[in-house]
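> For reference, the sequence and a predicted model appear below.
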Amino acid sequence: MKFSSKYTIRPEHRNEAIRRFLEGGGLPPEGVKMLGRWHSTADRSGYSLVEAEDAVAMAKWSHQWSDLLTIETSIVIDDEEFVQVLG
């Protein structure tokens, strides 16, 4: 499954989030493949597109950052999969 994960850095945690990102790259855990990540230049937010079959691995990744970021994760599908949804 593919997931879109939008993050927003809480203002009071900006410097710690930057430090942690520069230290480890914010890479996902085993079982989650990052397809791309984009950062907004206008505010403290961004999103990543990942692929995973394990919801626990996704939850672990979010949990690693939950002390600094607000994270919203959604399952996303492509056009071909959406056509199947539409029937």
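On my side now, so go ahead. Numbering: from 1, shown residues only.

> So Ser5 versus Trp38, what's the distance?
Distance, Ser5 to Trp38, using Cβ to Cβ, to the nearest Å: 11 Å. No exception for glycine: its C-beta is placed from N, CA and C like everyone else's.

> Looking at these two, which has the bigger crowd around it?
In this view Ser5 and Trp38 are compared by other Cβ atoms under 10 Å, and Ser5 has more residues nearby, 23 against 10.

> what kind of secondary structure is that one in?
For Ser5, the assignment made with DSSP: H, G, I helix; E, B strand; the rest coil gives strand.

> How about it: which residues does it bridge to?
Applying DSSP bridges to Ser5 gives these bridge partners: Ser48, Thr73.

> That one against Val50, yeah?
Yes. Counting by Cβ atoms under 8 Å, Ser5 does reach Val50; the two are 6.6 Å apart.

> got the contact list for stretch 16-26?
Stretch 16-26 is contacted by residues 9, 37, 44, 65, 68-69 when judged by Cβ atoms under 8 Å, 6 or more residues apart in numbering.
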